[in-house]
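J.: Below: sequence and its predicted model.
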Amino acid sequence: MLTEFLRDQCFTTAWFGLMAFVWFGWAQEDPPQRWRIWLGAGSVLGVGLAVAFGVLTAANWDQPSALEGKYAWFGVLVVAEVIAAGAGCLVLARRGAPRWMAWWVAVVVAVHFLPLAWLLNDIGVAVVGVVQLVVLGSVVPHLRGTHTPSSRSAGPIMGATLLLSAAISAVITAPGL
């Protein structure tokens, strides 16, 4: 990402790699046959970035963080995200529309990147969230015209944007290590 804080840069790269793995995994709920190898490859690359930058995060833990003095707000943001995602999924389940759950969770995650960018002092995180929201919005007409789970669209969108962001962050971070 685009922050001056090495620890935050490493952690965000690791976290985005891990979450790419998770989203590519969710996309494997009902993928077209030709996507399966790509979803698996994305998962492996995400785990690789998560492990490598998780180690680098630990090695740089004594470095400053943009979250200093803001940890409580970070906690509030995470709790709000979990509540919004869970409440939306509960509503979707009760309305008989569970196939929309992956899309809803993706939207909540993308929206949470906007205040997270402010907390981390990292505009790159906001850019990721905006790109995700635009692409997620663009697939709604397609999702309305089908009965497939939204994970078929939301999973690859989230996985690809997070993996690409983690890869860009890794390239930006590598020279400074």
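T.: Okay, I see it.

J.: quick one: the helix or strand of the chain with the lowest mean pLDDT to chain centroid distance?
T.: The least trusted helix or strand in the chain, going by mean pLDDT, DSSP states H and E, turns out to be helix 140-144, with a mean of 94. Offset of helix 140-144 from its chain centre (C-alpha atoms, centre = their mean, to the nearest Å): 21 Å.

J.: Please point out which parts of that helix sit buried.
T.: For helix 140-144, a neighbour-count test (16 or more other C-beta atoms under 10 Å) marks residue 143 as buried. (Each C-beta comes from the backbone N, C-alpha and C, glycine too.)

J.: in the protein, which ranges drop under the pLDDT threshold?
T.: For the chain, the stretches with pLDDT under 70 are 1.

J.: cutoff 90 now
T.: When residues are selected by pLDDT under 90, those of the chain lie in 1-4, 30, 145-146, 173-177.

J.: what ranges do the strands span in it?
T.: Read by DSSP state E, the chain holds no strands at all.

J.: For it, which segments count as helices?
T.: 6-27, 36-59, 71-94, 101-120, 123-138, 140-144, 151-173 (DSSP state H).

J.: need those in CSV with distance to residue 65, can you?
T.: Output for the helices of the chain, formatted as CSV (distance: least, C-beta to C-beta, whole Å):
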stretch, distance to residue 65
helix 6-27, 5
helix 36-59, 10
helix 71-94, 9
helix 101-120, 8
helix 123-138, 14
helix 140-144, 36
helix 151-173, 15
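
J.: The nearest residue to residue 142 once chain neighbours are set aside: what's it in contact with?
T.: In this structure, residue 142 finds its nearest non-sequential neighbour in residue 153, 6.9 Å apart by C-beta to C-beta, 6 or more residues apart in numbering. For residue 153, the contacting residues are 103, 139, 142, 143, by C-beta atoms under 8 Å, 6 or more residues apart in numbering.

J.: circling back to that earlier point, for the least confident helix or strand of the chain, which outside residues touch it?
T.: The contact list for helix 140-144 (C-beta under 8 Å, 6+ apart) reads 100, 103, 150, 153.

J.: Fine by me, we can end here.
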